[in-house]
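Student: take a look and give me a structure for this.
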Amino acid sequence: MLKGKLKLPDKARRVFPDRLGSLVAGFDEKADDDGGSDLVFESGEELETIQPNGYGSSGESEIADFEEEKVGMEPDLRVRQPKPDRNGPGSVSVLAAIAADDKRSDLEYEVNQPEVNLEKLQRIASLGLPDGGGLRATAWKLLLGYLPPSRELWEKELTENRLKYAKLKEELLLSPSELARKKGGALSYCDPPADSAVDGPLKRREISQEDHPLSLGKASVWHQYFQHTEIAEQIDRDLPRTHPDLKFFSGDSSFSRKHREALRNILLLFAKLNPAIRYVQGMNEVLAPIYYVFSTDPNEQNAANAEADSFSCFVRLLSDSVDHFCEQLDNSAVGILATLSRLSDLLKANDEELWRHLEFTTKVKPQYYAFRWITLLLTQEFNFQSIMRIWDSLLGNPFGVQVRSLSPIPLVSYL
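Tutor: As a prediction, the model looks like this:
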């Protein structure tokens, strides 16, 4: 027990936080709030209950020793537990994590409803969809109209569309001889007749002009097959340049070759089904994000059918901007030049100084810097992760990616 009052100077009081950590720091703050700068212990108080590192109430000599030890110490030796900065990076990361969890919860709740609310899904997508869990793959299929809002129809729609794609591949991508062997009903022109003697000489089977591989007739199945050779060669040249920084698409591994083969099938099939458009360089860049998202779906069945699902969604996506790929429509009201003109008008309305600089000072027309932005949906302007985030907003627009109207198209507005 200490007699009388023990009054510690401010310097001595500042040493305590080194010994007691946040406990003394908090106590110190309370004393400051009360308006006192000195710590006073009334007589009769017991100090034995607080004994940090041997400092107790064993007598006045220890206090004297303590006074000698603190001589020469700087006041800044006081150590306090730092308060979390509400505006610091740690706080921002925590808030971002909470927001991401809320967004994921909202999205999971919405896509698991018996009837998906597309308007709510579009609002969620416009702010960016969470990565992982296959949520982006499901959301994109819904936003592109590949999946109906009713969950009970999903399995039926997926099965039907995947079977249709398999049939189209069989009819349009296999060579006539491969198709004949697959069906097993027709013989190749060099196969021996069934009634020929095994030991006898081989006899050529008569074939029609349309079935001959060298036939130039328009009705020839072989002529139709070979006329797309040039398109296939162009696709084969472009595919190795598809996001070369991603091992998913580039390299000589069986993994990347499998994905490039899937892209090739989709693009070649699209070209054959759309002879007025065929294949245009850069379509591989537009297809890549869709195929990547679908093939990385953790649902094994969905990932296994990524090629079929990507084809259907690719067709739906291009239906909004197919006129931009048709050279005959370049000068029409729905062509690429009209879209570029609307972009220029928007730029003038929002940043006239920049517009004047481009139009009059440097004389750079929109087709020189924005043609690729619009036709390829920004897929060559950003890294792959950013592309998927941008597409969340584009696909979440209720009017479509490239809506035709007097109002600005969503992509142009985004730019």
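Student: can I get the CA coordinates of stretch 338-351 in PDB?
Tutor: Extracted C-alpha coordinates of stretch 338-351, given in PDB (Å, rounded to 0.1, in the frame of the first residue of the first chain):
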ATOM      1  CA  ALA A 338     -23.400   5.000 -89.300                       C
ATOM      2  CA  THR A 339     -22.400   3.600 -85.900                       C
ATOM      3  CA  LEU A 340     -19.000   5.400 -86.000                       C
ATOM      4  CA  SER A 341     -20.900   8.600 -86.800                       C
ATOM      5  CA  ARG A 342     -23.000   8.200 -83.700                       C
ATOM      6  CA  LEU A 343     -19.900   7.700 -81.700                       C
ATOM      7  CA  SER A 344     -18.500  11.000 -83.000                       C
ATOM      8  CA  ASP A 345     -21.700  12.800 -82.100                       C
ATOM      9  CA  LEU A 346     -21.500  11.400 -78.600                       C
ATOM     10  CA  LEU A 347     -17.900  12.400 -78.200                       C
ATOM     11  CA  LYS A 348     -18.800  16.000 -79.400                       C
ATOM     12  CA  ALA A 349     -21.600  16.200 -76.900                       C
ATOM     13  CA  ASN A 350     -19.600  14.900 -73.900                       C
ATOM     14  CA  ASP A 351     -16.000  16.200 -74.700                       C
END
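Student: what residues sit buried inside it?
Tutor: Of the residues in stretch 338-351, 338-340, 342-344, 346-347 count as buried by neighbour count, 16 or more other CB atoms under 10 Å. Where C-beta positions appear, they are placed from N, C-alpha and C, glycine not excepted.
Student: ok, so of these, who is nearest A262?
Tutor: T339 (30.1 Å; CB to CB).
Student: quick one: low-confidence parts of the stretch 251-400 of the chain?
Tutor: Low-confidence segments of the stretch 251-400 of the chain (pLDDT under 70): none present.
Student: verify the stated contact: N305 with K164.
Tutor: No - applying CB atoms under 8 Å as the test, N305 and K164 come out as separate, 12.0 Å apart.
Student: more neighbours: which of those two?
Tutor: With neighbours defined as other CB atoms under 10 Å, N305 and K164 compare such that N305 has more, 20 against 13.
Student: which ones are touching that one?
Tutor: The contact partners of N305, by CB atoms under 8 Å, 6 or more residues apart in numbering, come to 158, 162.
Student: strands along the protein, start to end?
Tutor: Here the chain has its strands, by DSSP state E, at 6-8, 39-41.
Student: thinking again about what came up before, I'd like the buried residues of stretch 338-351 as CSV, with distance to T138 appended.
Tutor: Shown next, in CSV, are the buried residues of stretch 338-351 (distance: CB to CB, whole Å):
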residue, distance to T138
A338, 35
T339, 30
L340, 34
R342, 33
L343, 32
S344, 37
L346, 33
L347, 36
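Student: closest to S295 out of those residues?
Tutor: Nearest member of those to S295, counting by CB to CB, is T339, at 30.7 Å.
Student: my guess is L354 meets S344, correct?
Tutor: No - taking contacts as CB under 8 Å, L354 lies outside contact range of S344: 11.0 Å.
Student: avg pLDDT for the longest helix along the chain?
Tutor: Using DSSP state H to define each element, the chain has its longest helix at helix 89-111. Helix 89-111 shows a mean pLDDT of 82.
Student: give me the contact list for that helix.
Tutor: Contacts for helix 89-111 (CB under 8 Å, 6+ apart): 84-85, 116-117, 120-121, 124, 127-130, 133, 135, 138-139, 142.
Student: may I see the buried residues of that helix?
Tutor: 103-104, 106-107, 110-111.
Student: okay, K141 and L158: tell me how far apart.
Tutor: According to CB to CB, to the nearest Å, K141 and L158 sit 9 Å apart.
Student: ok, E171 next?
Tutor: Counting by CB to CB, the gap from E171 to L158 is 21 Å.
Student: okay, those two: which has more neighbours?
Tutor: L158 (19 against 11).
Student: pretty sure the more buried one is touching S312, no?
Tutor: No - L158 is not in contact with S312 according to CB under 8 Å; the separation is 9.6 Å.
Student: please enumerate the shared neighbours of K141 and L158.
Tutor: With CB under 8 Å, 6+ apart as the test, K141 and L158 both reach 147, 309.
Student: list the contacts for H228?
Tutor: By CB under 8 Å, 6+ apart, the neighbours of H228 are 268, 271-272.
Student: which of those residues are buried?
Tutor: Buried, going by 16+ other CB under 10 Å: 268, 271-272, out of these.
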